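1. sequence unknown, structure follows:
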């Protein structure tokens, strides 16, 4: 009985470990046969990208790999702050795409010159049908309107103060959430009448949410920088990928997700 | 067996001890006495206290019904009552939204009456009560079954009507269990996070309890998060230690 | 008549009807599982029979023909169990005052009354004690006071002395005798001494029904049921009445004097001490062939058991006869020691 239990435990641990290793970049041995193609690019790179880029970078990576059969790209999506911390701690990566300049600045000594490749602005998210009839930023401060925003401490909340100043409107939110997903959840469940999130979040949220653009949002445009990591093992491919993202294909994929041009 | 037991104790203790090594002692006082921290702590204590009182008011009749009567579907009722114990809190939050949210089953009629639960301190208390109630019902029902009905039968033959039996015999007999159940409920309410975040939101002084504050602080000020975590650990320790002290026999029960 | 009860529980084969007169103490005897505790639970209102009715002092306790059922607290029936079951969180005084308080008496009044009852059971000095601090005998005395304090119309006692030390039981038995004098009570007991000293009348239960009943002395001297004979410490032989005694089912003849018409079912009783044991068959009446099953020393005598009878002989006699289990012997008893009576 005891032995069986131990055996099951051991199996479970093995399984978990093997599962982890499978997620790491594929071994380079599988790549060698592709080096006969005329494309000069080959090998594998790892891209660290902000969580808000999950969908667009997924598309871009697929397109890049299709164009360069000898290349394999592993991706890791997380909060920009977390990724910057991982880079500082020596995590192996070739490209870093941050959601803001602040976190890119944290790793300035580890990366090449950052290139701005996208912008994002806040938009008002309302439940489909817009029950509270919100049309402007000022409407969010009207009595009886339940507005949910990100807490000032988290990136999606940091921009709001600048906008409040520009608009001359002070919001009295019913909740200050930790993450964009929490704001979207409260709007899509119709608990809140409105929320403030990035325009790309609205695009990705589906039919339960409508977006309302407002002019004051331009007071706090968030710019996304991308850079190659100096310690990367395949800087040639890394630079090619950065060029791809900042080029025409990257531009159009990002634009369709709602990102603005830098 | 003893080795495994010691390893188990170490397993619980180690992360807590490890956390204290991360505390920024120099800034500790400033970190935990910041306006937002104090506000979160007071809100947590206040809401947990109300939630505990609610648990007692609702849980005592439930435990009595489960322990002292038999009815069709009793097993099902017991299972449902204990469900929040094993449910991921976020699911509790989603379920509470469906019931008490602005579009919820009860929330909509309440809103028509001018009562808004969403984003209010009431929502925090509801979430805490929801997750803490099973602790009270569970410990009280067990104690009631253990105490048996013999004293109650004697009291009835001495002329005591059922309410008198309840007030003067049943409840005093299970009082230690009621107290420890209430303390466990309080501790659970104090630690409630997932359901609150999903259901009540997070606003300083209104719905941002200590665990939510810690979660938020973690984003920008890990030092403050660790300091506040330590405060919550200490408060929980004090609460549990107090029960073990004041409840006769609780030492044995907890040890068993 | 103050108490009349009829009750049936089909599942347990429980079916009996009994009456208790005003001021009478009725002892209920019977082997384990005979239904003694069931009877008390029904009367106390803790167990509902399938059918039946009961009346106490003209008030109906229950009548299931129309679903009437008085809850325990409105019956005026106190129950004293084998264990004292004092409420552990209350002092002795508060335990005794519990009944009067529940009846709506003022706190001070109830305490005065409780003190009197504690004095009546010679436990006045224990008033402030917690049940955990009391000895078994003390606790049972407080329990008696508590049962009496509400001044019940009927007192039920469920083997009240069974859990006590042999040293304490006599004192409590004496106290109960005083307490039960003139009180309507039902006493369930295993102990023949309890029945003799405390009860006016006994009812013997077997398998949920009454197997015999009557005045205590009468039932114990002339048992009709093996259980009663065992309690009374008598050898019981049953058969059909003849001119000189009775004829048992196996044809053996018992000679003795007594009552009853020839041909009626009859029983014969003989004390074990009156029996003698022989190795050889001797001439005369009442000579029964038996096999020794076991020997049991009982103070100054040795009890010789066979399948059907027991005999008490002196240790010297037992040694002289070389009695051992399995030995075939003859039990004899003088006809003057045999009482014959109708069953």
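-> Sure, I can see it. As the structure is a prediction and not an experimental result, all values here were calculated from the model.
2. Check the secondary structure at residue B:176 for me.
-> helix (DSSP: H, G, I helix; E, B strand; the rest coil).
3. Same question for residue C:251.
-> Strictly by three-state DSSP, residue C:251 counts as coil.
4. Repeat that for residue B:105.
-> Once three-state DSSP is applied, residue B:105 turns out coil.
5. doesn't residue C:263 make contact with residue C:246?
-> No. With contact defined as Cβ atoms under 8 Å, residue C:246 does not reach residue C:263; the gap is 10.3 Å. C-betas here are computed from N, CA, C, even on glycine.
6. Please compare the two by neighbour count and tell me which comes out ahead.
-> Set residue C:246 next to residue C:263 and count neighbours by other Cβ atoms under 10 Å in any protein chain shown: residue C:246 wins out with 28 against 9.
7. ok, now how distant is that one from chain A?
-> 67 Å (Cβ to the nearest Cβ, to the nearest Å).
8. hang on, that residue in a helix?
-> No. Secondary structure of residue C:246 (three-state DSSP): strand, not part of a helix.
9. What does the pLDDT read for it?
-> We have a pLDDT of 90 for residue C:246.
10. Could you do residue A:37 as well?
-> Predicted confidence (pLDDT) for residue A:37: 45.
11. List of residues touching stretch B:51-70?
-> B:71, B:74, B:77-78, B:81, B:125, B:128-129, B:132-133, B:135-137, B:140-141, B:144-145, B:149, B:166, B:170-171, B:178, B:181-182, B:185-186, B:189 (Cβ atoms under 8 Å, 6 or more residues apart in numbering or on different chains).
12. Chain B contacts on the stretch 1-150 of chain C?
-> Residues of the stretch 1-150 of chain C found near chain B (Cβ under 8 Å from any Cβ of the partner chain) are C:44-46, C:71-79, C:81, C:85, C:87-89, C:98-99, C:102-103, C:146-147, C:149-150.
13. Which of those fall in helices?
-> C:44, C:98-99, C:102, C:146-147 (DSSP state H).
14. By neighbour count, which of those residues wins?
-> That'd be residue C:146 among these, by other Cβ under 10 Å, with 30 neighbours.
15. Quick check, it in contact with residue C:81.
-> No. Applying Cβ under 8 Å, one finds residue C:146 not in contact with residue C:81, separated by 11.3 Å.
16. Assign a three-state SS to residue A:145, would you?
-> Applying three-state DSSP: residue A:145 is coil.
17. dump the residue contacts of it.
-> By Cβ under 8 Å, 6+ apart, the neighbours of residue A:145 are A:132, A:134, A:139, A:193-194.
18. out of the residues you listed, who's nearest chain C?
-> residue A:193 (55.1 Å; Cβ to the nearest Cβ).
19. Between residue C:246 and residue C:263, which contacts overlap?
-> Jointly contacting residue C:246 and residue C:263 under the rule Cβ under 8 Å, 6+ apart are residue C:240.
20. What is the nearest of the ones in helices among the residues of the stretch 1-150 of chain C next to chain B to chain A?
-> Using Cβ to the nearest Cβ, these come closest to chain A at residue C:44, 48.6 Å.
21. still on that earlier bit, let's see which of the contacts of stretch B:51-70 end up in helices.
-> Per DSSP H, the subset of the contacts of stretch B:51-70 in helices is B:74, B:77-78, B:81, B:125, B:128-129, B:132-133, B:135-137, B:140-141, B:144-145, B:171, B:178, B:181-182, B:185-186, B:189.
22. So for residue B:250, what pLDDT did the model give?
-> For residue B:250, pLDDT reads 41.
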